[in-house]
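Peer 1: everything below, folded, please.
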Amino acid sequence: MMRVVLFFILCGALWAEVRMNIEQLRAFVSSSQKLGHSDKQIADYVKTIRMTERLNEATIEDIGAGPRTSEALRRLIESSQALPAPKPPAP
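Peer 2: From the prediction side, this is the model:
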């Protein structure tokens, strides 16, 4: 019985959404690449992200992710269109 409960807790954790702004997204992709995570691993995680700011194609190109991650990021463009524009970077 305990295994079943643990299984459902782990499943819930895997389906949890992570909320990020543009700067957090940049930092996540950059650090994941530096740690040697594969493009597939990064893309799979990006699919769980919900943006708090509007994402655009120029930002994706600037991030410099692999092809799978870039495709996952492009899907976030569609879901973030109604969100506010990102704040300008700090000087």
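Peer 1: residues near the residue nearest to Arg74 when sequence neighbours are not counted, how many?
Peer 2: Closest residue to Arg74 apart from its sequence neighbours, by CB to CB, 6 or more residues apart in numbering: Ile60 at 6.5 Å. Where C-beta positions appear, they are placed from N, C-alpha and C, glycine not excepted. Using other CB atoms under 10 Å as the criterion, Ile60 is surrounded by 20 other residues.
Peer 1: verify the stated contact: Ile60 with Arg75.
Peer 2: No. The criterion here is CB atoms under 8 Å, and Ile60 misses it with Arg75 at 10.6 Å.
Peer 1: any common contacting residues for these two?
Peer 2: Shared contacts of Ile60 and Arg75 (CB atoms under 8 Å, 6 or more residues apart in numbering): none.
Peer 1: tell me the mean pLDDT over the helix or strand Lys40 falls within?
Peer 2: Of the helices and strands defined by DSSP states H and E, Lys40 is found in helix 39-46. Taken as a whole, helix 39-46 has a mean pLDDT of 94.
Peer 1: likewise for stretch 53-65?
Peer 2: 92.
Peer 1: what number of residues lie near the residue lying closest to Ala65 once chain neighbours are set aside?
Peer 2: Setting aside the residues directly before and after it, Ala65 is nearest to Val29 in space (CB to CB, 6+ apart), at 5.3 Å. Neighbourhood size, Val29 [other CB under 10 Å]: 22.
Peer 1: buried residues, the helix or strand Val29 falls within. List them.
Peer 2: For Val29, the element it lies in under DSSP H and E is helix 22-34. Residues of helix 22-34 classed as buried by neighbour count (16 or more other CB atoms under 10 Å): 22, 25-26, 28-29, 32-33.
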